[in-house]
Structures are given as C-alpha cells and as structure tokens.
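Enquirer: just coords:
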C-alpha cells in the first residue's frame, strides 16, 4: 500500500468512519493517522475487512488503533475505545488479559477458548458474565519488529448460556427420569434393508426400570434386546415397538414377563423416528390380588354351599321333644357353623386357628364354670376344608357335656389337649376327656345325632379316626386328623 494513500478506515462513507475519527490522534502515542507507518495502516485496513470482531492494538501500551463494527457490538455502551489502551478499556479484565498480551508482544500466538469474564459494558455499568473465544497474534512493522497485536474473536455468551440452559434442563430431566416411580426405557429400533424392525437397542433405562423389570441397567443399556432376552419375548416386543415407531400411535399392553416372572403394564409411544419410549409398571401384585380374589370367591361359594348342606342335615336329623328344644338345638349347631365361617373369613379363607375355634365354643362355658375347662396345645392352623366340620364336632361334644356329661353338675371338669405329629402338614391328635360328672354306666343305648355328626365329620368328611370311650369317670373322645389341605 502506498504510504500516501488514504486510510480505508477514514474513507468517506465508511461504516466505522465516525468511530475512527473520534479520538484526537495527535494526543495519543500513535500520532495523526497520516503519519502512521504503512504496516499500521495496512493492519488497520485489514481489521475493517474482517467480518467478525477484530481490533488492532499498537505499541507497548496496546493502544487501540482500529476496530470494526462487529467489535463495536462487543464493547456495548462502553465509552469510545479508539486511541485508548486496551487494558484501560477492559480494566475489569486486566489481570487475565495483561499476561496474554505480553506473550503476543513477545512473538507468541495466543489462543483462548471459552474464557469467562465479568465485565462492565451495560448502560448502568452493572457487572455481567460474558464468554469469548479469541486470539492475540503479533503484528510486525516494515523492519520485522513486533509493534502490535491483532485481536480476533467472537463472543460466545449466547451459546454458553444456551448450553447451560440445555444442560440444566437435561439435569432436571435426568433427575425426574431417575426419581420416577414408573420404569422408563428409551429404545432405538434396528431396521433391516426393507425398513422392517428386526431388533432394538436399549439407549437408557432409569432406576425404577431396574426395580420393575428385575434386571440391572448394565445388563441392557447399549445392547440389543435379542442379546439379552429369549426369542419368545423379542418376537413379541420388537414388532410392537416397531409399529409404534413407524405410525406414531401409542400402545398400552399388559403381559406376563417370563424372564422376571412378573406381570408388567407397558405404555409405548414414539419419541422421534426410530426411537420409542416405554413406560412400565410391575402389576404382579395386582394380578395376584385378582387371582386371590377369584380363588376367595370360589372358596366362599364352595364353603357356603357346604355350610348350607350341613345346616340342611342338622335340620333334617335333629330330634327334640318339643319345638323350643328343637329350636335351641338348631340354633346352637348353626352358630357353631357361623363361628367357623367367621374364622375362615377373618383369615381370608386360608385357615382357621384351632385354639380360637375351641374358644368360640368354650368361652361361654369358662365364664360359668371358671377353672373347670382347660385347653392346652401348640398353635395349629386348620385347613379351610376342615374348620367347619371340626367346629360341628366340638359343638356336639360341648353340647353333650352340658346336657349329660361333666358340665351338667357343679363338680365336673373337661380337659382338651392336643399335639401335632409331622409338622403343620402332619396329623393333629386331640383328646377330649371329661371327669367328675354323673357316673357313666357305659355307651349310650341310642346313637343320637351328636354321635352321628362326630362320626360323619371326623371319619367321612375329614378322613380321620375317632375313638369314643365311656369310663365311669366320664366320656373320653380321641380324634386323629390329617392337617394337609
């Protein structure tokens, strides 16, 4: 460039002309522009031609000799910078910039990325965070000496803030993802050359997914489904997920997941082409509850029919000299059935506690005959099919003791003891022994309804053994029952 040629920065109509003309150059170390060396003029012209922020610093004080319109936007509302030292313009960043400028003036090209500064450039001079990528490059004069520094850069504040917002949003999403009570998985479909889904890859799963599915995260993430689960599962899930990924129509299914031995409820929806999100819940307990409810309903129906059959038999076979006696006998037998029914219902028809069942028949007697009736034995859970027949048997023994046996006078006593052989699925051996009642002269001459109930329930219904003996001291009844359901 000719030393006498006018400087482009001062050319008529230049966009930066007002800024460049503003300082009184003669009062600066650079002097009037017409006296600048060719190297300074050339570098200044180059700065104006650069489309992104650029500024030229000259001399040991790093005086700003030129900058372009893009750099003007970086300055914001700071006072005019031309002709002023850079470290004065950016006083708040001096500690970071000064060493970098010194390195550039010593001949080193300095590159800085992602630099964060707290700067003052707003109208109210409030500090603000800003981020920059920039370079400081040495500029030589005609004799090869380093006389200046070219500063090129771009402000990345908007990008950094957008990335921070994205990461914050992603962090919140990740927190929600991990805290969800429902299992969540993201899958990417694997397609064949014809575009048909043939597999899928687990992109991510959350902590609840591990709990709901029964599989650890590391066993599936990054792997194909066919590498993890048997064909019986993937042959079902791959086409289903593929259809959702293709059509965008969500699907909700409930299915038994054999690899984890669980029932799961699954909602599948498309995230983006070839990707689906899957929400799942372990509904095994709900299915079990439904199965228990169905079983309970069947059991209640079965037991109710049995109870009605027993009531019908009691009505048909009960004998009494008059109607009031007949009614008392029937009421007692039906009450025994009802108490057993209540015990079973309280335990959801799974079993009935033997001691509770005995107390139901004997508590009234204990109130009136304190200390005359003793019960002793280990905890025993009677199977549901045994509870009602056994209750009827105990009722008949109790009724007989009140009418004819040990409790028909003030001095009689009853001892009910039992033991279990072979554990809870073994055999129950119960002994009912009366003494102190009216002297017994031997077996009764007539086999009454009570004896028929005992024989029918213990032997016929329960498959047990029954022994009745009548020593002079009082009736002894021994019952041997299987405890298996």
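Expert: Nice, thanks for sending it over. From a predicted model like this one, the values you see are computed outputs, not experimental measurements.
Enquirer: look up how far residue 225 lies from residue 231.
Expert: Look at residue 231 and residue 225: by C-beta to C-beta, to the nearest Å, they are 10 Å apart. From N, CA and C alone the C-beta is placed, and that goes for glycine too.
Enquirer: repeat for residue 68
Expert: Going from residue 68 to residue 225 by C-beta to C-beta gives 57 Å.
Enquirer: ok, back up a step: more crowded one of residue 231 and residue 225?
Expert: residue 225 (18 against 9; other C-beta atoms under 10 Å).
Enquirer: I'd guessed the more buried one sits against residue 200; true?
Expert: Yes - at 5.3 Å, residue 225 counts as touching residue 200 under the criterion of C-beta atoms under 8 Å.
Enquirer: what touches both of these two?
Expert: Common contact partners of residue 225 and residue 200 (C-beta atoms under 8 Å, 6 or more residues apart in numbering): 187, 237-238.
Enquirer: need those residues in CSV with secondary structure and distance to residue 49, can you?
Expert: As requested, the shared contacts of residue 225 and residue 200 are exported to CSV (DSSP: H, G, I helix; E, B strand; the rest coil; distance: C-beta to C-beta, whole Å):
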residue, secondary structure, distance to residue 49
187, strand, 52
237, helix, 61
238, helix, 59
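Enquirer: now, which of these sits nearest residue 362?
Expert: Nearest to residue 362 among the shared contacts of residue 225 and residue 200: residue 237, at 60.2 Å, using C-beta to C-beta.
Enquirer: so what pLDDT did that closest one get?
Expert: We note a pLDDT of 93 for residue 237 in this prediction.
Enquirer: kindly provide the distance from it to residue 222.
Expert: Per C-beta to C-beta, residue 237 is found 18 Å from residue 222.
Enquirer: number of residues surrounding residue 91?
Expert: The local packing of residue 91 (other C-beta under 10 Å) involves 12 other residues.
Enquirer: try residue 269
Expert: Residue 269: 15 neighbours (other C-beta under 10 Å).
Enquirer: hmm, residue 277 and it touching each other?
Expert: Yes - contact status for residue 269 versus residue 277: in contact at 5.7 Å, counting by C-beta under 8 Å.
Enquirer: residue ranges of the strands in the stretch 251-400 of the chain, please?
Expert: Counting by DSSP state E, counting those that start in this stretch, one finds strands in the stretch 251-400 of the chain at the ranges 251-257, 262-272, 275-282, 352-353, 373-376, 381-382.
Enquirer: which one of these lies nearest to residue 414?
Expert: That would be strand 373-376 among those, by C-beta to C-beta, at 4.8 Å.
Enquirer: give me the mean pLDDT for that closest one.
Expert: Average pLDDT, strand 373-376: 88.
Enquirer: pairing partners for that strand, with directions?
Expert: Paired strands of strand 373-376, with direction, are strand 413-421 (parallel) (DSSP bridges).
Enquirer: hang on, the earlier thing: top of the shared contacts of residue 225 and residue 200 by neighbour count?
Expert: In terms of neighbours by other C-beta under 10 Å, the shared contacts of residue 225 and residue 200 top out with residue 187 at 26 neighbours.
Enquirer: next, count neighbours for the spatially closest residue to that one that is not a sequence neighbour.
Expert: Among residues not flanking residue 187 along the chain, residue 200 sits closest, at 4.3 Å (C-beta to C-beta, 6 or more residues apart in numbering). When neighbours are counted by other C-beta under 10 Å, residue 200 registers 25.
Enquirer: again, but for the one 4 residues further on
Expert: Other residues within reach of residue 204, judged by other C-beta under 10 Å, total 16.
Enquirer: quickly list the domain ranges of this protein.
Expert: 8-161, 180-282, 301-482 (automatic domain parsing).
Enquirer: okay, these in a markdown table with distance to residue 290 next?
Expert: Shown next, in a markdown table, are those (distance: least, C-beta to C-beta, whole Å):
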| stretch | distance to residue 290 |
| --- | --- |
| domain 8-161 | 53 |
| domain 180-282 | 10 |
| domain 301-482 | 14 |
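Enquirer: which of those domains has the lowest average pLDDT?
Expert: Among these, domain 301-482 scores lowest, at a mean of 76.
Enquirer: how about the helices of the stretch 351-485 of the chain, start to end?
Expert: 354-368, 384-403, 449-455 (DSSP state H, counting those that start in this stretch).
Enquirer: which of the strands of the stretch 251-400 of the chain sits closest to residue 397?
Expert: Across the strands of the stretch 251-400 of the chain, closest to residue 397 is strand 373-376 (C-beta to C-beta), at 11.4 Å.
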